[in-house]
Structures are given as structure tokens and as C-alpha cells.
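Enquirer: Okay, sequence plus prediction incoming.
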Amino acid sequence: MGQKLKITGWVAAGAVAGVLTTVSLQTVARGSLAPLPLEELQQLAAVFGMVKSDYVEPVDEKKLISDAISGMVAGLDPHSQYFDKKSFKEFREGTTGRFVGVGIEISQEDGLIKVVSPIEGSPAFRAGLKPNDLITKIDDTAVRGLSLNEAVKRMRGEANTKVLLTIFRKDESRTFPVTITREEIRTQSVRGKVMEPGYGWIRLSQFQERTVDDFVKKVEEIYKEEPNLKGLVLDLRNDPGGLLDAAVAISAAFLPENVTVVSTDGQLAESKSVYKAAPEFYQRRSGSDPLRNLPAALKNVPLVVLVNEGSASASEIVAGALQDHKRATVMGSQTFGKGSVQTVRPLGPDTGLKITTARYYTPSGTSIQAKGIVPNVLIDESAEGSPFAALRMREADLEKHLASGQGPETKDPEREKARDEARKRLEEEAKKPPQDRKVPEFGTDKDFPLVQALNRLKGQPVLVSKTQVIVDNKEEKKEN
């Protein structure tokens, strides 16, 4: 393989309030620069000079340069980004699972910012925020029209500072303000339990620095309670991704040693790499193998992986590896489809550049960019179907998204029609009494996809989706 890459960042399709989003690799800078287009650079210098001298009021030179860099990078794809001092600090905090904010998981549905869940013990939790609350304003800024990342940035800040959130609680049909004091938040990315005798469930909500260690502890707890485990569900629904080494480690926990987990390919030599299920590919510096204490039975326990449209990047790496090696049955909905790698390079002591440098490929050599992982068994969110799934954004919906290299893409008119129908259903849903609208929590006996996954493990009938349609792009193959 090419030069080994050091993993530093993460990816997401959703967000925790206070977390930036991308799977990243830290690489060395290129040894030489391409020839510079002098005429175009002269034009840039001329525009800079005109703005500096002719604009209606004085402008800050550093801000002009920063905005020029930001615009240059933002024009590439949705995941490339220039980090100024503040955003670079936030990005580095996000990979640790520790950040300063209010402590809520949020999502975006049809242009609205919704509280998925307050993090237990966080300021938002203590302030009484509830799942499905809608945030309508952050301080004096209306959230409609803001991106998820923009909303996250506005809720972040320095410890012990205050932010005013205006909340609309649908269940009570009222709007009210909540002032929350920001503090350091520690997110918990691993949950799990024995669902019933012989069968366990482990949910990964993100791939962070502590995820692998927490995963090992949770597996040990489950096997201590149930030594004769007959089946396990690995739940990656709404997992936006995270650190690549964590994804490789989680895959390696279930796979035979040294098989391929994922490969990357790009222009740079160091972007052409193969990551295998071996400690050298996920072990942190000067540390021991974090998987060394896992029960040996985990390599062979029957396994189902649950995914949905919110499963992105690092979680797609895990699902793709376990599916390609036929180690697990993947169930749920077609995943988000982020199959690109971002490299973070420092530009100084407190600024940096995150730039897309490669596509990644499953062990079979398949790119899932703008397509996603297609489950072995399609499962709806409920017995009634997945009425609002069409409203969720996917990689292919993002403006300027990286093409898969599989030929021209076409808009699906049927999907646009499905979105209009889903919006109408959402309006009707809002008219129902609160008790009829509550979404079952993951990991309960009312969690429909989880029940179907357990049925699969037990050899019982599974209620397969009759309505889901696969976004069908041509597969792109790469020889490894």
C-alpha cells in the first residue's frame, strides 16, 4: 500500500450541536507545487486592490484573503472547507467527542432544525428540551434557511456563555424561549444491552476517539450477562460517521485477520491505500491493540447490521466491509452515499484546509459515492412503512457533490413526487394527538427495524419493505 495515513477527522450527515462533520485523513504536504496560473493570479491581485481602495467603506485585508480562500474551496464540493481559527478549533474538538455547547443531537427535516435528543446530563437536558422540539431561533437569528452546520456553529461558543433558543413544542402547540449556559459536553457514542435471552444489540451513534474502547467494554458487558450469545445486532442507523481508524477497528472486531476493510484512491500516491483488519491499521500510536480483550466468539456470532438514510461515510465503510465479506446481513434502507475522503492539512498554528483527496471503495472494489450501501434486506421504519424518508437529504442531493465516476447523473422525477407526498403526510401527522405521533426510541421492543433484525437472527419471518426503491447508479469498480 501507499504511505500510511494518520486519521484525524470525521464525517456526518446529521450533527450533534457542537460537532463538525467529515471523515478525514492527515497526510504530508506535497513535495512540489504545480505551476501557478500567473495571469489569473494577477487578476485576483487586481480585484483585491480595487476592493481595498474603492469599496464604500474600509475592509479588513485578512478577512478578504480568508473569504477568497473559503470561496475557492467551497466551490469544489460540499465537504471541502477552509478552517479559520474558530472553526479549526471546533473541528478538532469534534473528533474527541468533547466540545463546548448546549448538548443536543439535532437533525434537519424539510428546512427545520429539530431536536433528536438532548444528551443526558447536558445543559439542554437540564433545561427541559425534548425530542421533536423545533428550534425556530438561535439568539436573534431565525433558523429557517440555515444549514445544519450553521445552526451548530451558532449554538457553540465559549464555556459559561449563554445562548437563547426559541423553541416550538408541537405536542403542546406553544412557543417559548430557553436561555442555556454552554459548557463542555462529553458525548456517549456507544449504547447496548441484551434485548432478550441469547440476543444482543449495540448501537454506534458516531465514530469518535473513545468509540472503540467503549465498544469493547459494551461487548464485554453483554457477554458477561449472556455468555451464550446466539446473535447480535450492530445498529448504525443515523450514524453520520467519524474517524476512519475507528471504522476499521469496528470492522476488524468481526472479520478474519488481514482481510481488506476499505481502500482509497486519488491523485496523490499517499491517497492510494488499502486498510486491512489488522492492528497496524487502527492502533493508535504507542498503544496496544484495543480489540485484544474481545471475546473470541464475536468473530463468529450471527450478525445483522441495521442502516438507514442517515448512515454515512465511516458507518458505510463498516456496513460495506461486513456485507462484502458476507460476515453480516445488512438490513434497513439505502445509506447516505458519502464515499469520499477529506484530508485535513494545517495552514498554520490555528488554521487549516479540509479538502477531498480520494474516493473510498468497499472490499469488492465498489464505490458508493452518491449511491450508498444497498441493504441485503430492505426494511421500513415502521409497520406502516417509511412515510417521511423521502424528505431526508442524501449525498446525491447536495449541491456540487462529487460525482461517482459512473457516468452522468440524472434527477429522478419519482423521488421529487415522493417528497411532495411526504410533505403532505407530515402536515397531516402534525394534526394528530401527541400520543399518536411519538416516534419509538431505538433499542426498545417498539423499534420496528430492530424487531425485524432480531427475527432474522432467530430464523423467524421478517416484514420486508414493499415500497422502497433503490437509487440505481452504475457500479464503479476499482482493481485493488
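Expert: Cool, got the structure.
Enquirer: I'd like to know how many residues surround residue 327.
Expert: By the criterion of other C-beta atoms under 10 Å, residue 327 has 18 neighbours. Just so you know, the C-beta spots here come from the backbone N, C-alpha and C atoms, and that holds for glycine as well.
Enquirer: So it sits against residue 254, correct?
Expert: Yes - Residue 327 is within contact range of residue 254, at 5.5 Å (criterion: C-beta atoms under 8 Å).
Enquirer: Name the residues contacting each of those two.
Expert: Residues touching both residue 327 and residue 254 (C-beta atoms under 8 Å, 6 or more residues apart in numbering): residue 303.
Enquirer: Show me which strand runs longest in this protein.
Expert: Determined from DSSP state E, the single longest strand within the chain is strand 352-361.
Enquirer: And the average pLDDT for that strand is what?
Expert: With pLDDT averaged residue by residue, strand 352-361 scores 91.
Enquirer: Stretch 207-217 too?
Expert: For stretch 207-217, mean pLDDT is 94.
Enquirer: List the buried residues in that stretch.
Expert: Applying a neighbour-count criterion of 16 or more other C-beta atoms under 10 Å, one finds 207-212, 214-216 buried in stretch 207-217.
Enquirer: now those residues as a markdown table including distance to residue 320 and secondary structure?
Expert: Shown next, in a markdown table, are these (distance: C-beta to C-beta, whole Å; DSSP: H, G, I helix; E, B strand; the rest coil):
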| residue | distance to residue 320 | secondary structure |
| --- | --- | --- |
| 207 | 14 | strand |
| 208 | 20 | coil |
| 209 | 23 | coil |
| 210 | 24 | coil |
| 211 | 18 | helix |
| 212 | 19 | helix |
| 214 | 23 | helix |
| 215 | 18 | helix |
| 216 | 22 | helix |
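Enquirer: Export the residues you listed as a markdown table, with columns for distance to residue 466.
Expert: Putting those into a markdown table (distance: C-beta to C-beta, whole Å) gives the following:
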| residue | distance to residue 466 |
| --- | --- |
| 207 | 33 |
| 208 | 37 |
| 209 | 41 |
| 210 | 40 |
| 211 | 35 |
| 212 | 38 |
| 214 | 37 |
| 215 | 34 |
| 216 | 39 |
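Enquirer: Nearest to residue 287, out of the residues you listed: which one, please.
Expert: residue 212 (10.3 Å; C-beta to C-beta).
Enquirer: Assess the claim that the closest one and residue 250 are in contact.
Expert: Yes - the criterion here is C-beta under 8 Å, and residue 212 meets it with residue 250 at 6.8 Å.
Enquirer: Can you show me the strands along the stretch 101-250 of the chain?
Expert: Per DSSP state E, counting those that start in this stretch, the stretch 101-250 of the chain carries strands over the ranges 104-109, 112-118, 134-138, 141-142, 162-169, 174-181, 183-186, 190-196, 199-204, 231-235.
Enquirer: so, if you compare the buried residues of stretch 207-217, which one comes nearest to residue 271?
Expert: Closest to residue 271 out of the buried residues of stretch 207-217 is residue 207 (20.2 Å), distances taken as C-beta to C-beta.
Enquirer: can you pull the contacts of the closest one?
Expert: Neighbouring residues of residue 207 by C-beta under 8 Å, 6+ apart: 10, 189, 239, 241-244, 246-247, 250, 314-315.
Enquirer: Just give me the neighbour total for the nearest residue to it once chain neighbours are set aside.
Expert: Distances taken as C-beta to C-beta, 6 or more residues apart in numbering put residue 242 closest to residue 207, at 2.8 Å, once the chain neighbours are dropped. Using other C-beta under 10 Å, the number of residues around residue 242 comes to 33.
Enquirer: swap in the one 4 residues further on?
Expert: Using other C-beta under 10 Å, residue 246 has 30 other residues around it.
Enquirer: Can you tell me, leaving aside adjacent residues, what's nearest to it?
Expert: In space, and not counting its chain neighbours, residue 246 is closest to residue 207: 3.9 Å by C-beta to C-beta, 6+ apart.
Enquirer: where exactly do the helices run in this protein?
Expert: Counting by DSSP state H, the chain has helices at residues 38-54, 61-74, 85-94, 123-126, 148-155, 211-225, 244-254, 314-324, 413-429, 434-437, 448-458.
Enquirer: and the fourth one, which residues are buried?
Expert: Which is helix 123-126. Neighbour-count burial for helix 123-126 flags 123-125 (criterion: 16+ other C-beta under 10 Å).
Enquirer: just those residues now: which is nearest residue 116?
Expert: residue 124 (11.3 Å).
Enquirer: The closest one contacts residue 106, correct?
Expert: No - Residue 124 lies out of contact with residue 106 (C-beta under 8 Å); the separation is 9.9 Å.
Enquirer: so how far is residue 372 from residue 236?
Expert: Distance of residue 236 to residue 372, given as C-beta to C-beta, to the nearest Å: 12 Å.
Enquirer: Mean pLDDT per helix and strand in this structure: which one sits at the bottom?
Expert: strand 6-7 (a mean of 33; mean pLDDT, DSSP states H and E).
Enquirer: With just CA atoms, put stretch 319-334 into CSV.
Expert: Taking C-alpha atoms only, stretch 319-334 is exported to CSV below (Å, rounded to 0.1, in the frame of the first residue of the first chain):
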residue,chain,number,x,y,z
ALA,A,319,-21.6,-1.9,6.6
GLY,A,320,-19.8,-2.3,3.2
ALA,A,321,-16.9,-4.4,4.6
LEU,A,322,-19.2,-6.7,6.6
GLN,A,323,-21.5,-7.1,3.7
ASP,A,324,-18.8,-7.8,1.1
HIS,A,325,-17.2,-10.4,3.3
LYS,A,326,-20.6,-12.0,3.9
ARG,A,327,-20.0,-11.6,7.6
ALA,A,328,-23.3,-9.9,8.3
THR,A,329,-26.8,-9.4,6.8
VAL,A,330,-27.3,-5.6,6.2
MET,A,331,-30.9,-4.6,6.8
GLY,A,332,-32.8,-1.3,6.6
SER,A,333,-32.7,1.5,4.0
GLN,A,334,-30.2,2.5,1.4
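Enquirer: Let me know the average pLDDT across it.
Expert: When pLDDT is averaged over stretch 319-334, the result is 97.
Enquirer: cool, stretch 227-241 as well?
Expert: For stretch 227-241, mean pLDDT rounds to 94.
Enquirer: Quick one, which of the buried residues of helix 123-126 has the minimum pLDDT?
Expert: Lowest pLDDT among these: residue 125, 88.
Enquirer: Number of residues surrounding the residue nearest to that residue when sequence neighbours are not counted?
Expert: Spatial nearest neighbour of residue 125, chain neighbours left out: residue 118 (4.1 Å); criterion: C-beta to C-beta, 6+ apart. By the measure other C-beta under 10 Å, the count of residues near residue 118 is 22.
Enquirer: Okay, and the beta partners of residue 118?
Expert: residue 104 (DSSP bridges).
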